[in-house]
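Peer 1: curious how this folds, go ahead:
(2 chains)
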Amino acid sequence: MLLMGITPSLQAQDATHQSTPASEIIELTDGSTLHGKAQALSASQGLEWQHPLARHPVTFDLSHLARLRLHTVGRIEASRQPDCRFEFNNGDLIYGNLLSLKSNAVEFQTWFGGTMRSDRQALKRIAFLKTGYKVLYEGPNNIDEWQLGAGQNGWSYHDGKLKIQSRGVIGRNFQLKDSVNLSFDMRWDRPYQLSITLFTDTFNRFDYRQGSYIFFLSPQFVSFQRVQPGTGVLTLGQSRIETLNGRSEARFSIRAHRESSRFIVYINDEPVGRFRDNRGFVAQGKGISFSSQLSASSFELSNLLVTQWDGSDEAEGEIEPTPENDILSLVNQDRPKGTVVAIEDESIEFLLRKERAIRVPVERVKQIQFNSEKEIPSPPLADPKTIRAHFAGGGSLSFDLISLDQDQLHGQSSTFGPMSFRSDSIRQIEFNLHHQALQKDEAADAIWNLQSKP
Amino acid sequence: MAPPIEPQEVTSPEPSISEGPQALPAAIVIEPMSADTLNLANGDVLSGRLEQYDYPGDTSWNRSDIQQAFAFNSQAVHQIRLGDRAKTTPELSPSMTLQLSNGDQLSGIMESLDDMVLKLSTSFGGTLDLPADQVQWAVFHRQDQSYLYEGPSGLDGWTVGEVNTAQLDGGQWAYRNGSFYATKAASIARMVGMPDRMQLEFDLEWKGSLNIAVALYTDYLQPVSLAEKDSEPDFGGFYSLQLTSYAVNVLMVKQKEPLQYLGMTQTPVFRQGTKAHVDVRTNKADQSISLLVNGRLIKRWVDQGGFAGQGKGIRLVHQGQGSVRFSNLKIQGWDGRFESPPSNRVQSPNDLMTLRNGDKLVGRVGSATAEEITFMIGETPTQTPHNQIEKIEWGGVTDTLRPLRGGEARAHLLGGDHLTIQLRRIEGEHVHSSSPLYGDTTLQISHFEKLDFVDAPTTKANGKQGAQP
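Peer 2: Alright, predicted model coming up:
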């Protein structure tokens, strides 16, 4: 456990990211939020926290910690981009590169933890990402990396969030090419009208002189429009949203794919709208803009992640696991059942219907759903030392905390055994995973006092 | 392309809410909240317990999950909200509320008044000697006044309705420190013996959208699904006063009869503000319901079909949007007269005394005892008992309200009073302070709701404009 702060110095994620020293933020289970610096963190000693306005550090035990947000983080640095998404039965999700899979073990390479191994039975699914997993942006990190609309503009940046309480446009170049998966958390306390323009080169206003695609989001609807010079604006579809009734926050994922001209909107991991431009993909720009349409809006965007998208729709490919069989999802839509014997050298050894051994090139497989016969039960989450680490670029792992120091996060996982990660790869750590951050009805005035407005 | 610009201005009916138990199950009774909340200069918020405050010096702040209390420089403290504390001094029943030149409002019992000093006996600070020449107005509480209800002071006597619909994430009103709070759709109701002519007042504070319905003259303590009202258990007619960010409306609700909106209006207070003092006046004889917000008449509705309210209860329904705080509910009989809120007569050389019978006397306030006021009309003194006076507005008292300076705090008391003090120390139950108006005082922290050390940004739509004691 170390001192001097646990945030490592890193190269900025983006050339436009001017590194003002962002403080870390600790959130407590009662809604308290404190800026400062973690001086030490361990399962045995708790969290030693130096608040910038306090005379001396204070040590919290782990029982009331909800989240530690580490702002300065590294980025995926690997000899090759991750090409697999590994989903585990306990909810863990990792982007990495498959090294091998055998009857009892899977081995893969990650940028943040090197080579990792787990019991095969802990694995729920492997998705093979044919264009790789490339992170284009992760933030927001400050307001300077964004281009604001001229005139009165209500957008502002605070603590990793873009906030607005009126109208305004904000955007930036993400170097988009042929696909995008834009995901973000949104929190609102008034009705909102948010329009998101994809593949635009105009970031500070609506621009109908160049091709782009616009998604209009409100709590009740999502609608989708194509903007094409000379042709005008055409609504390509609209979907009613039922899932946001009575809610004030959600995670959105908006995806576009040039080759297939497909567009999908996910809310809280559920698809709410699938669209297609039958005329083909018309947009050429490289950026995205966000526009608030209501003067009485009040919402915030956080945890923006912009990646490439390989065009696969995991909801379409969702396969109910069976106790007996592994199921391959092939690119030709076939779904043979059987047993995955091994994966090596870009080839899957597969026992079709447990009778006939075949070899399937990995490039022909979109995903493997593993059988649930010997599913390993998830460890209890009530132990305060059980944490979930969220990594830069996506993915998370839950395990028992040992300690966090300047270079490494050390833990013990029932899935992976002892493990250590680069601490600069971690965006945030969740604590007390079983805890509803706030039991609103049982602490109404705590909510009232502590609830931060967007 | 024309993206939508503004949301439609719609009122929401009471939510579809299903039947529930008649009383609050014991398992979910909510204990008083003991946590205090600290707001710091950098925007951080920390719950816990205020141990000690010194200015100049440090604020010591403790929690159960830390080994050693925080020590913050008190200059970095922007606000302290105080949780429930046991009151160690007897509660007085104030006979008046007054405003001083710096904007402070205090309630208490007038012991005496002379040329120099107004002695005011208070619950929170004992007897205060106030400079008589700094009093701008005083509103006298009716001595014969008996509130049919005054609170809330807990959940006792209230029926917590069960909210359980597919459309709304249901919750419950929670009681804390003199207020009801709801962050989800919730219903709470009680019988209060609403008279034929009634004045019903309360304070509202909200975050996000405001969307509540107040059922008047209901005989049914559970929330009603308006869409399925005819299949609900039998209930008598009532009025639903609907207060939202975008509209204000009164809805007449009777079983076997169509819902009837009596007319929509708006107030910028609900659209732009975050708090309001709501005052509802009803008169069965002329079938009217009047709404005053922050002392201003917003609308008077008349039900041409006759007065529909058949019960004597109130039901408060959070409609599922925003967070709402509901406090200082007072229900009393009403004489049918709309009084004007007190004002500051800076330009006038004379004082104005308004009596309960509507008479207005212009002159100078002379002196006062605990029983009566001597008012000079020219050279002629007149003695008037306190209980015959509605209000006194002193002439020529200049406003001295100014932003807070270092170490000063705006202390907000439970019940709505507030005073400005130079805060030197808080230790245990005592607040040690000084003030040009009050001198050196020791106040009881158990009567405090919060301490603001910086001025909050204000909007024109916010706040009370004139007391409505």
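Peer 1: for B:Lys87, which residues are in contact?
Peer 2: B:123, B:444, B:446-447 (Cβ atoms under 8 Å, 6 or more residues apart in numbering or on different chains). To be clear about C-beta, it is placed using only N, CA and C from the backbone, and glycine gets the same treatment.
Peer 1: nearest to chain A, of the residues you listed?
Peer 2: Taking Cβ to the nearest Cβ as the measure, chain A sits nearest to B:Ser446 out of the contacts of B:Lys87, at 16.1 Å.
Peer 1: what does the pLDDT read for the nearest residue to A:Leu404 once chain neighbours are set aside?
Peer 2: Sequence neighbours aside, A:Leu41 is the residue nearest to A:Leu404 in space, at 4.2 Å (criterion: Cβ to Cβ, 6 or more residues apart in numbering or on different chains). Note on A:Leu41: pLDDT of 95.
Peer 1: repeat that for the one 3 residues further on.
Peer 2: pLDDT, the model's per-residue confidence, is 92 for A:Ser44.
Peer 1: any idea which element it lies in?
Peer 2: Under the criterion DSSP states H and E, no helix or strand holds A:Ser44.
Peer 1: neighbours around it, how many?
Peer 2: A count of neighbours around A:Ser44, defined by other Cβ atoms under 10 Å in any protein chain shown, yields 10.
Peer 1: ok, it - contacts?
Peer 2: Contacts for A:Ser44 (Cβ under 8 Å, 6+ apart) come out as none.
Peer 1: so B:Val269, which state does it fall into?
Peer 2: helix (DSSP: H, G, I helix; E, B strand; the rest coil).
Peer 1: for A:Ser195, which non-adjacent residue is closest in space?
Peer 2: Closest to A:Ser195 by Cβ to Cβ, 6+ apart is A:Ser291, at 4.6 Å.
Peer 1: which residues does the one you found form beta bridges with?
Peer 2: A:Ser291 has these beta-bridge partners by DSSP bridges: A:Val169, A:Ser195.
Peer 1: can you tell me how far it sits from A:Asp83?
Peer 2: 35 Å (Cβ to Cβ, to the nearest Å).
Peer 1: same question for B:Ile314.
Peer 2: In this view, B:Ile314 and A:Asp83 are 64 Å apart by Cβ to Cβ.
Peer 1: run a quick neighbour tally on B:Arg337.
Peer 2: So B:Arg337, with other Cβ under 10 Å, has 9 neighbours.
Peer 1: quickly find the element holding A:Arg190.
Peer 2: Using DSSP H and E, no helix or strand contains A:Arg190.
Peer 1: quick check: closest non-adjacent residue to it.
Peer 2: Nearest non-adjacent residue to A:Arg190, counting by Cβ to Cβ, 6+ apart: A:Ser298, 4.5 Å away.
Peer 1: just checking, the one you found touches A:Gln165?
Peer 2: Yes: the criterion here is Cβ atoms under 8 Å, and A:Ser298 meets it with A:Gln165 at 4.8 Å.
Peer 1: quick one: pLDDT of residue 319?
Peer 2: Let's take chain A. 71.
Peer 1: let's do chain B instead
Peer 2: Reported pLDDT for B:Gln319: 87.
Peer 1: I'd say it and B:Ala186 touch.
Peer 2: No: contact criterion Cβ under 8 Å: B:Gln319 and B:Ala186 do not qualify, at 9.2 Å.
Peer 1: more neighbours: those two, which one.
Peer 2: Between B:Gln319 and B:Ala186, counted using other Cβ under 10 Å, the more crowded position is B:Ala186 (30 against 26).
Peer 1: now for that one: which residues touch it?
Peer 2: Contact analysis of B:Ala186 by Cβ under 8 Å, 6+ apart lists B:160-161, B:163, B:170-173, B:317-318.
Peer 1: now the contacts of B:Lys87 as JSON lines including distance to chain A?
Peer 2: Putting the contacts of B:Lys87 into JSON lines (distance: Cβ to the nearest Cβ, whole Å) gives the following:
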{"residue": "B:Ser123", "distance to chain A": "22"}
{"residue": "B:Gln444", "distance to chain A": "20"}
{"residue": "B:Ser446", "distance to chain A": "16"}
{"residue": "B:His447", "distance to chain A": "17"}
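Peer 1: how many other residues sit next to the residue nearest to A:Ser195?
Peer 2: 23.
Peer 1: now do B:Tyr246
Peer 2: Residues lying near B:Tyr246 (other Cβ under 10 Å) number 20.
Peer 1: so it sits right up against B:Arg271, yeah?
Peer 2: Yes: with contacts defined as Cβ under 8 Å, B:Tyr246 counts as touching B:Arg271 at a distance of 6.4 Å.
Peer 1: next, B:Arg230: secondary structure please.
Peer 2: Check again: residue B:230 is Asp, not Arg. helix.
Peer 1: tell me the spacing between it and B:Tyr217.
Peer 2: Distance of B:Asp230 to B:Tyr217, computed by Cβ to Cβ: 19 Å.
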